[in-house]
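S.K.: no letters, just coordinates:
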């Protein structure tokens with residue numbers, strides 16, 4: 001028999017008063033998250049202001065914390081406390097601004113920072129509430145000292161395995177050492193995020209993000225970073241949300257780890273930011289179902305990334321996150337009790353034929369009595385047709401004949417079929433050719 005509970009939690013308290021060890025992954029939906037920023041340290045201005053503008057609470061708040069040169073323990077307890085008091089979970093982007101010889105990460109690998117890391121780990125353990133730590137993000141870029149380019153790059157004979165590039169190897173060794181030090185003092189409340197950038201710099205084979213992956217045993221979530229820089233830089237152009245993330249999402253969508261967009265935003269320069277935001281949250285929902293948290297980078301920095309850079313941007317954001325798919329609180333789910341002979345997993349087969357002309361069939365299997373909502377939408381997000389089917393524990397199928405709810409034949413083009421239950425969502429593209 002399998003058992004499940006569905007529980008909403010505030011702060012860190014779970015069912016029966018038990019403290020949740022890590023942030024749970026939502027079975028359906030996606031956590032609404034933001035870098036506000038929450039400054040001054042420990043203050044509430046950024047958090048409250050963002051939620052007021054967004055007209056929605058955030059479930060996770062991201063902020064940055066660097067490793068100090070004097071290696072004095074600086075676990076941000078005050079800031080984490082404020083975030084929890086506001087009803088969110090802290091996400092610390094922990095930046096190892098470290099020194100080592102001859103490469104920065106050698107300082108971690110050789111143990112120079114062990115005492116600092118252990119003391120930080122003890123402070124996190126004593127704090128005891130769930131939090132994220134994103135260690136050494138965007139390591140496949142050349143702009144941080146922990147990046148592969150700055151730690152040996154593509155050389156093969158300076159560290160570890162002579163068949164692997166030294167830069168990625170050093171990063172993996174450093175990441176794993178930090179994680180082992182946390183394990184050594186029994187930290188259980190941290191969810192570890194490993195997070196590459198959507199583009200590598202330099203864009204060479206040795207510097208691709210998968211080469212930096214430190215292992216399933218030390219990663220809880222995979223984060224993805226990416227931005228629409230528009231015309232804000234001499235080297236950039238307007239890029240849709242889908243094109244920003246499609247390649248790196250496809251690299252990791254089959255991972256057993258949940259995915260998050262750990263930071264993203266759009267400039268105003270070069271297009272309609274409000275529409276870009278609407279599209280981002282719609283297509284994240286429809287095309288990137290493995291994304292379980294999405295974090296807006298809300299600051300006027302290299303360009304104005306804020307959701308209120310214009311009225312159009314703000315109204316676009318408010319409309320986008322008003323969708324109940326975007327969760328404003330942490331939720332945990334398990335599996336309801338099922339008879340042993342009942343399938344406990346869902347299966348949806350590829351549509352056939354696809355492309356199609358006249359009709360398309362999709363076969364599925366669902367547990368006995370499970371209601372499944374089937375929706376056909378166009379690429380603008382408009383519903384074309386919908387139905388509810390009930391699983392009977394055996395293989396079954398549904399069929400779409402290329403007509404809308406009024407029985408009229410739709411135009412040729414790309415459509416999406418979305419199969420959704422309370423605990424499952426599956427999306428496929430359909431190409432209709434008349």
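M.R.: Perfect, thanks for sending it. Note that this is a predicted model, so its numbers are computed, not measured.
S.K.: so residue 238 touches residue 227, yeah?
M.R.: No - with contact defined as CB atoms under 8 Å, residue 238 does not reach residue 227; the gap is 11.6 Å. Backbone N, C-alpha and C define where each C-beta goes, glycine included.
S.K.: out of these two, which sits in the busier spot?
M.R.: Higher neighbour count among residue 238 and residue 227: residue 227, with 21 against 18, using other CB atoms under 10 Å.
S.K.: give me the three-state assignment for residue 178.
M.R.: Following DSSP: H, G, I helix; E, B strand; the rest coil, we place residue 178 in the helix state.
S.K.: my guess is it contacts residue 111. True?
M.R.: No - if you go by CB under 8 Å, residue 178 and residue 111 don't touch, sitting 11.4 Å apart.
S.K.: compare neighbour counts for these two and give me the winner.
M.R.: Using other CB under 10 Å as the criterion, residue 178 and residue 111 rank with residue 178 on top: 25 against 11.
S.K.: and the strands in the stretch 301-434 of the chain?
M.R.: 326-327, 331-333, 347-348, 360-365, 371-378, 383-390, 395-400, 413-421, 424-432 (DSSP state E, counting those that start in this stretch).
S.K.: and the first one, what does it pack onto?
M.R.: Put plainly, it is strand 326-327. On a contact count with 3 or more CB pairs under 8 Å, 6 or more residues apart in numbering; DSSP states H and E, strand 326-327 meets strand 30-35.
S.K.: any idea which helix or strand comes after the strand it packs on?
M.R.: The first helix or strand that comes after strand 30-35 along the chain, using DSSP states H and E, is helix 45-54.
S.K.: run through the protein and note the low-pLDDT ranges.
M.R.: Residue ranges of the chain with pLDDT under 70: 1-21, 38-45, 332-345, 381, 421-425.
S.K.: repeat that for 90
M.R.: Scanning the chain for pLDDT under 90 picks out 1-24, 26-28, 37-46, 69-70, 72-73, 331-352, 354-359, 361-409, 412-434.
S.K.: skipping adjacent residues, who's closest to the most centrally placed residue in the chain in space?
M.R.: In the chain, the centroid-proximal residue (CA atoms, centre = their mean) is residue 260; its distance is 0.6 Å. Distances taken as CB to CB, 6 or more residues apart in numbering put residue 293 closest to residue 260, at 3.8 Å, once the chain neighbours are dropped.
S.K.: could you check the angle helix 45-54 makes with whatever helix or strand the one you found lives in?
M.R.: Residue 293 belongs to strand 291-297 when assigned by DSSP H and E. Relative orientation of strand 291-297 versus helix 45-54 (axes from the mean of the first three to the mean of the last three CA atoms, to 10 degrees): 110 degrees.
S.K.: can you list contacts of strand 291-297?
M.R.: 25-26, 30-35, 59-60, 62, 91, 221, 224, 227, 249, 258-265, 281, 284, 305, 307, 317, 326 (CB atoms under 8 Å, 6 or more residues apart in numbering).
S.K.: buried residues, stretch 101-117. List them.
M.R.: 103-109, 113, 116-117 (16 or more other CB atoms under 10 Å).
S.K.: what of stretch 213-224?
M.R.: 213-214, 218-224.
S.K.: show me the contacts for residue 348.
M.R.: Counting by CB under 8 Å, 6+ apart, residue 348 touches 362-364, 419, 426, 428.
S.K.: circling back to that earlier point, out of the contacts of strand 291-297, which sit inside helices?
M.R.: 249, 281, 284, 317 (DSSP state H).
S.K.: and of these, the nearest to residue 433?
M.R.: Nearest to residue 433, judged by CB to CB, of the ones in helices among the contacts of strand 291-297 is residue 249 at 26.8 Å.
S.K.: what about the closest one, neighbour count?
M.R.: Neighbours around residue 249, by other CB under 10 Å: 21.
S.K.: list the contacts of it.
M.R.: Residue 249 neighbours (CB under 8 Å, 6+ apart): 224, 259, 288, 290-291.
S.K.: what two of the residues you listed are the furthest from one another?
M.R.: Farthest pair in the contacts of residue 249 (CB to CB) is 224 and 290. Separation: 10.2 Å.
S.K.: rewinding a little: can you redo the buried residues of stretch 101-117 as JSON lines with distance to residue 385 and secondary structure?
M.R.: Putting the buried residues of stretch 101-117 into JSON lines (distance: CB to CB, whole Å; DSSP: H, G, I helix; E, B strand; the rest coil) gives the following:
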{"residue": "103", "distance to residue 385": "58", "secondary structure": "coil"}
{"residue": "104", "distance to residue 385": "56", "secondary structure": "coil"}
{"residue": "105", "distance to residue 385": "54", "secondary structure": "coil"}
{"residue": "106", "distance to residue 385": "60", "secondary structure": "helix"}
{"residue": "107", "distance to residue 385": "59", "secondary structure": "helix"}
{"residue": "108", "distance to residue 385": "55", "secondary structure": "helix"}
{"residue": "109", "distance to residue 385": "57", "secondary structure": "helix"}
{"residue": "113", "distance to residue 385": "58", "secondary structure": "coil"}
{"residue": "116", "distance to residue 385": "59", "secondary structure": "helix"}
{"residue": "117", "distance to residue 385": "55", "secondary structure": "helix"}
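S.K.: of all these, which comes closest to residue 204?
M.R.: Nearest to residue 204 among the buried residues of stretch 101-117 is residue 103, at 17.8 Å by CB to CB.
S.K.: close enough to count as contact, the closest one and residue 151?
M.R.: Yes - assessed by CB under 8 Å, residue 103 is found in contact with residue 151 at 4.3 Å.
S.K.: any common contacting residues for these two?
M.R.: With CB under 8 Å, 6+ apart as the test, residue 103 and residue 151 both reach residue 170.
S.K.: tell me the domain boundaries of this protein?
M.R.: Structurally, the chain divides into domains by automatic domain parsing as follows: 6-333, 347-432.
S.K.: returning to what we had before: give me the buried entries from the ones in helices among the contacts of strand 291-297.
M.R.: Among these, those classed as buried by 16+ other CB under 10 Å are 249, 281, 284, 317.
S.K.: just give me the neighbour total for the closest residue to residue 268 other than its chain neighbours.
M.R.: Excluding the flanking residues, the one nearest residue 268 by CB to CB, 6+ apart is residue 309, at 5.3 Å. Residues contacting residue 309 under the criterion other CB under 10 Å number 20.
S.K.: you'd agree residue 309 is up against residue 300?
M.R.: Yes - with contact defined as CB under 8 Å, residue 309 reaches residue 300; the gap is 7.5 Å.
S.K.: overlap in contacts, residue 224 and residue 290.
M.R.: In contact with both residue 224 and residue 290: 249, 252, 259, using CB under 8 Å, 6+ apart.
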